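Colleague: Just the structure for this:
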Amino acid sequence: MTLKNIQLPLYGAFLYESRHKEDDVIHIHHHSIHQILYAIEGVGKISIDGREYDISQDEVAFIAPHSQHSIYSHSSLTLLVLAFDIETLEFFDGNELKNPFFQQSQFFQPDVIASSELRQHLRKMLYEQSSENPFSKWALKIHLLHVLLTMTRLAERTQVQDANSLRTEKIKNYIDTHYYEPLTSKDIAVKLGISSRYINTIFKDNYHKTPMQYLTEVRIEKAKKLLLDTDKEIITICFEVGYETISTFYRAFKNTLNMSPNQYRNMNNP
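Modeller: Model prediction:
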């Protein structure tokens, strides 16, 4: 079923199955209402406003009105399509409708908890939609609200993750280009305007190590190259890669490679 041959009920929402055979193509088109496309099974590709995304089970596309989108199925692909006219939903007021979330299309890869919530409410909507209970219209609106709440929170988490990824790359880049300075987490935090605890947390989330552990790795890699490619004195190499004392350099080198700088040089330059 496609949106062209259905009419939204007066309460403004309809949930239906969209089945696609292998190599099916739904060419670029748009709608005047919102859609949420939830993949139940299969693999395909979805293009939204010129950007392409691979879509598979439990992944979701939020399609804003008038967004150009198309679908290509690599295998048998089944989507649940939740079409809704937000203007008809009584629980929204003018300010909520202006929320940027509702104005732009997005693609999501929900975590296990968010996927479970979405599946639960979509199932409930399918049940209520086929029910003749006089309160089913109320129930549909309530479950739609839950779906939208889950989606908005997903968007918030995605924005935080994107922002943290950007900050993490800034931290890594700063270390890569300032490793020779006597850096601490506090120094980096001051440069980037965030707390040292936060820096440690987001860096470890992305790289599974602290910024200081990464700094040590960078310094030791630079030292190894200098030991092999030059005949510089150990103390000069120690100075060049950012260590303040030779004892600190020796300790870091030995903790990393289980040998001293001299042993490493002699072993690799017979």
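Colleague: quick one: pLDDT of the residue nearest to residue 99 when sequence neighbours are not counted?
Modeller: The shortest distance from residue 99 to any residue other than its chain neighbours is 7.6 Å, reached at residue 152 (CB to CB, 6 or more residues apart in numbering). Placement of C-beta: from N, CA and C, glycine included. At residue 152, the model reports a pLDDT of 86.
Colleague: my guess is residue 152 is in a helix, correct?
Modeller: Yes: checked against DSSP: H, G, I helix; E, B strand; the rest coil, residue 152 lies within a helix.
Colleague: Quick check, it in contact with residue 106.
Modeller: No: at 10.3 Å, residue 152 does not count as touching residue 106 under the criterion of CB atoms under 8 Å.
Colleague: can you pull the pLDDT of the closest residue to residue 184 other than its chain neighbours?
Modeller: Sequence neighbours aside, residue 212 is the residue nearest to residue 184 in space, at 7.4 Å (criterion: CB to CB, 6+ apart). pLDDT recorded at residue 212 is 94.
Colleague: What residues sit buried inside the helix or strand containing residue 212?
Modeller: Following DSSP states H and E, one finds residue 212 within helix 211-229. Buried residues in helix 211-229, defined by neighbour count with 16 or more other CB atoms under 10 Å: 211-212, 214-220, 222-224, 226-227.
Colleague: Is it possible to get CSV of those that adds distance to residue 143?
Modeller: CSV is the format used below for the buried residues of helix 211-229 (distance: CB to CB, whole Å):
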residue, distance to residue 143
211, 44
212, 48
214, 46
215, 50
216, 52
217, 50
218, 51
219, 55
220, 56
222, 57
223, 60
224, 59
226, 64
227, 65
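Colleague: Residue 164: which of those residues is nearest?
Modeller: Among those, residue 211 lies closest to residue 164 (CB to CB), at 13.6 Å.
Colleague: The closest one against residue 185, yeah?
Modeller: Yes: the pair residue 211 / residue 185 is scored as a contact, 5.7 Å apart, by CB under 8 Å.
Colleague: which neighbours do these two share?
Modeller: Counting by CB atoms under 8 Å, 6 or more residues apart in numbering, the contacts common to residue 211 and residue 185 are 199-200.
Colleague: Give the burial count for the residue nearest to residue 99, as a bare number.
Modeller: 15 (other CB atoms under 10 Å).
Colleague: Also residue 267?
Modeller: 10.
Colleague: Next one: the nearest residue to it once chain neighbours are set aside from residue 73, what distance?
Modeller: Excluding its sequence neighbours, the residue lying closest to residue 267 (CB to CB, 6+ apart) is residue 259, at 7.3 Å. Distance, residue 259 to residue 73, using CB to CB, to the nearest Å: 56 Å.
Colleague: circling back to that earlier point, now compare the buried residues of helix 211-229 and name the two farthest from each other.
Modeller: It's 211 and 227 that sit farthest apart of the buried residues of helix 211-229, by CB to CB, at 24.4 Å.
Colleague: do you know how far residue 56 is from residue 74?
Modeller: The gap separating residue 56 from residue 74 is 9 Å, by CB to CB.
Colleague: Common neighbours of these two, please.
Modeller: Shared contacts of residue 56 and residue 74, counting by CB under 8 Å, 6+ apart, come down to 42-44.
Colleague: Which parts of the chain are strands?
Modeller: Ranges of strands within the chain are 13-20, 25-29, 34-41, 43-48, 51-56, 60-63, 69-73, 77-84, 106-108, based on DSSP state E.
Colleague: want to throw the ones you listed into JSON lines with mean neighbour count?
Modeller: Putting those into JSON lines (neighbours: other CB atoms under 10 Å) gives the following:
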{"stretch": "strand 13-20", "mean neighbour count": "18"}
{"stretch": "strand 25-29", "mean neighbour count": "13"}
{"stretch": "strand 34-41", "mean neighbour count": "19"}
{"stretch": "strand 43-48", "mean neighbour count": "20"}
{"stretch": "strand 51-56", "mean neighbour count": "15"}
{"stretch": "strand 60-63", "mean neighbour count": "24"}
{"stretch": "strand 69-73", "mean neighbour count": "19"}
{"stretch": "strand 77-84", "mean neighbour count": "22"}
{"stretch": "strand 106-108", "mean neighbour count": "19"}
